[in-house]
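[1] pasting the sequence and the predicted coordinates here, then a few questions.
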Amino acid sequence: MMTEAVKIHEVMRERRSIRRFKSDPIGGDVLDRVLESATWAPSAMNRQPWKFFVLTDEMRDRLAHLHQPLFEGIEQGIRERYGEEGVEKRRQVYVDFAGAPVAVVCFTDIGDPVKKDIISASLACQNLALAACAEGLGSLMMTSSLAMKEEISFLCGVDQKKLELVMVILLGYADEAPEAPERRKKRIVYVSTPGDIRTQ
């Protein structure tokens, strides 16, 4: 029998960044559970500074349209890292959010200092992605959206003096099953004496 701990670890390992989604709608109850779990993330001084805007239908389409010019600026970098196949796969994300029916825009309060609240909101976004995976949904975290933060803030009716854009997260049922990339080696360091530091 699978323990709760094993289930959690499996969800963490099974979550993938999805770049091709089915058009199937997400049930309201599923979406509510995913967003509720996002709000249970830890936050500095328990400020819970995140604010999520869930965009569907016309508003989702307007947000997707805002992202279309972004691809030109990142295309060459993608080509160098992933080749032509990687370029075409990622192009659809910027053309029409790769078919994802829901886009969640995460903002954070502008606190003092704002970096603490950005970190806290990012933890909530991680919760959201893991909860989505547990519900059988795919997700894609888009930090490239930060290049359009003024336009996205305007679209969401946000006062930029009060809220800072953190990222856009696409949600939907995956229409692909990407393989897990290999984990980078030697990224965990156990330290109990100064000598452990010097050997790194």
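    Noted; the coordinates are in hand.
[2] what's the weakest-modelled helix or strand in the protein?
    helix 194-198 (a mean of 81; mean pLDDT, DSSP states H and E).
[3] who's in contact with that helix?
    Helix 194-198 is contacted from outside by 189-191, using Cβ atoms under 8 Å, 6 or more residues apart in numbering. C-beta here means a position set from N, CA and C on the backbone, and glycine is covered the same way.
[4] okay, the residues you listed in JSON lines with pLDDT and secondary structure next?
    As requested, those are arranged in JSON lines below (pLDDT from 0 to 100; DSSP: H, G, I helix; E, B strand; the rest coil):
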{"residue": "189", "pLDDT": "88", "secondary structure": "coil"}
{"residue": "190", "pLDDT": "90", "secondary structure": "coil"}
{"residue": "191", "pLDDT": "92", "secondary structure": "coil"}
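[5] in its sheet, what does the longest strand seen in the chain sit against?
    The longest strand of the chain (DSSP state E) is strand 163-172. Strand pairing for strand 163-172, determined by DSSP bridges: strand 102-109 (antiparallel), strand 138-142 (antiparallel).
[6] contacting residues around the residue nearest the centre of the chain?
    Closest to where the C-alpha atoms of the chain average out (Cα atoms, centre = their mean) is residue 141, at 2.3 Å. Shown in contact with residue 141 (Cβ under 8 Å, 6+ apart): 17, 125, 129, 167-169.
[7] give me the below-cutoff pLDDT ranges for this protein.
    By pLDDT under 70, the low-scoring segments of the chain are 1-2, 199-200.
[8] which helices and strands sit right next to the longest helix along it?
    For the chain, the longest helix by residue count, based on DSSP state H, is helix 70-96. In terms of contacts (3 or more Cβ pairs under 8 Å, 6 or more residues apart in numbering; DSSP states H and E), helix 70-96 is packed against helix 57-67.
[9] now do the buried residues in the helix it packs on.
    60, 63-64, 66-67 (16 or more other Cβ atoms under 10 Å).
[10] now do stretch 78-95
    78, 87, 89-90, 93-94.
[11] repeat for stretch 111-131
    111, 116-118, 120-125, 127-131.
[12] show me these that map onto helices.
    Using DSSP H, the buried residues of stretch 111-131 in helices are 116-118, 120-125, 127-131.
[13] which two of the residues you listed have the greatest separation?
    By the measure Cβ to Cβ, 116 and 131 form the most distant pair in these, at 23.0 Å.
[14] got the contact list for residue 47?
    109, 111, 116-117, 120.
[15] ok, it to residue 111 distance?
    6 Å (Cβ to Cβ, to the nearest Å).
[16] list residues touching both of those two?
    In contact with both residue 47 and residue 111: residue 117, using Cβ under 8 Å, 6+ apart.
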